[in-house]
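K.L.:
here is my input, please return the structure:
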Amino acid sequence: MRLLIVFSILLLAVPSPADVPGEPPEFSDLELDLICGITAPTSVLISMTIGVNFDGGVQGLALERSELGNCASAVRINEIQYGTLAAGAHTVMWTDASAVFGIAYRYRVIGLKSNGDEVSLWPSFDMASPVDYATCGDPVVGHGLITSDIAPGLLEPCDGGCWDFFTVEVGDPILDPFVESGIPVQLIGSIDCTLGNVEGCHLNVTEVIAVPCPVVATQKDSWGAVKARF
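P.N.:
Predicted coordinates for the structure are as follows:
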């Protein structure tokens, strides 16, 4: 999450072409960014570049918001139909007034057809980063075991808790006592998806609390399956 504290909340901005001189872009891309208010709500910015070869398969966007650690929390918070966009730069911004300060959220951009049905962002977009996290107020951002299976380190989430895999910084004094210890922990802090880490998003941890994993019977996501979301 790219964290920016703002004193005023931006309202919905409909997509509009940027006035950029020169040749239109060749490739299409999409990026999701989140902006925390002082206490709430969260502003959600989607930036798109539409290339000259854009196939027009995505003609609208919607947002899905889930609360980390809450399996029954996924909600569709908004959608907008914009038809076929001209080549160039476009932005859409939502204000999620129902976001609660101190809760970690996962946001996902959903592509829509002209009739409102869901459609994949690929191959309409050559590149897309449709998932990001809002961690306004240092909430609990993960629950699981800290391992050193990959560098710099990995939080493997508890089964059935609807937490995500994240990298962590093995070597951090507050984390090291729990690395490969077999002790489940809850981690408090923020989530950074801007580091360019091929293994996914990274946790910046401010506090560690030993909390047992819940006892559940469920199928655990693989790390490869989780990386595929990005």
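K.L.:
who does Val208 bridge with?
P.N.:
Leu187 (DSSP bridges).
K.L.:
next, the contact list for it, please.
P.N.:
Residues near Val208 by C-beta atoms under 8 Å, 6 or more residues apart in numbering: 174-175, 178, 185-188. (Glycine included, C-beta is placed from N, CA and C.)
K.L.:
how about the residue positioned nearest the centre of the chain: what's its closest non-neighbour residue?
P.N.:
In the chain, the C-alpha nearest the mean C-alpha coordinate belongs to Asp132, at 1.5 Å (C-alpha atoms, centre = their mean). Spatial nearest neighbour of Asp132, chain neighbours left out: Leu32 (4.6 Å); criterion: C-beta to C-beta, 6 or more residues apart in numbering.
K.L.:
Pro212 and Ile146, how far apart?
P.N.:
Taking C-beta to C-beta, to the nearest Å as the measure, Pro212 falls 15 Å from Ile146.
K.L.:
what sits against Gly189?
P.N.:
135, 138, 141, 203-207.
K.L.:
now do the helices in the chain.
P.N.:
Using DSSP state H, the helices of the chain run over residues 223-227.
K.L.:
how about low-confidence regions in it?
P.N.:
Scanning the chain for pLDDT under 70 picks out 1-22, 40, 195-199, 217-230.
K.L.:
domain parsing for it?
P.N.:
Segmentation of the chain into domains, based on automatic domain parsing, reads 29-134, 140-227.
K.L.:
ok, back up a step: count the residues that sit near the residue nearest to Asp132.
P.N.:
Per other C-beta atoms under 10 Å, the neighbour tally for Leu32 reads 21.
K.L.:
same thing with the one 3 residues further on?
P.N.:
Other residues within reach of Ile35, judged by other C-beta under 10 Å, total 21.
K.L.:
from Asn78, how far out is the nearest residue to it once chain neighbours are set aside?
P.N.:
Counting by C-beta to C-beta, 6+ apart, Ile35 lies nearest to Ser43, which is 4.2 Å off, once chain neighbours are set aside. Going from Ser43 to Asn78 by C-beta to C-beta gives 12 Å.
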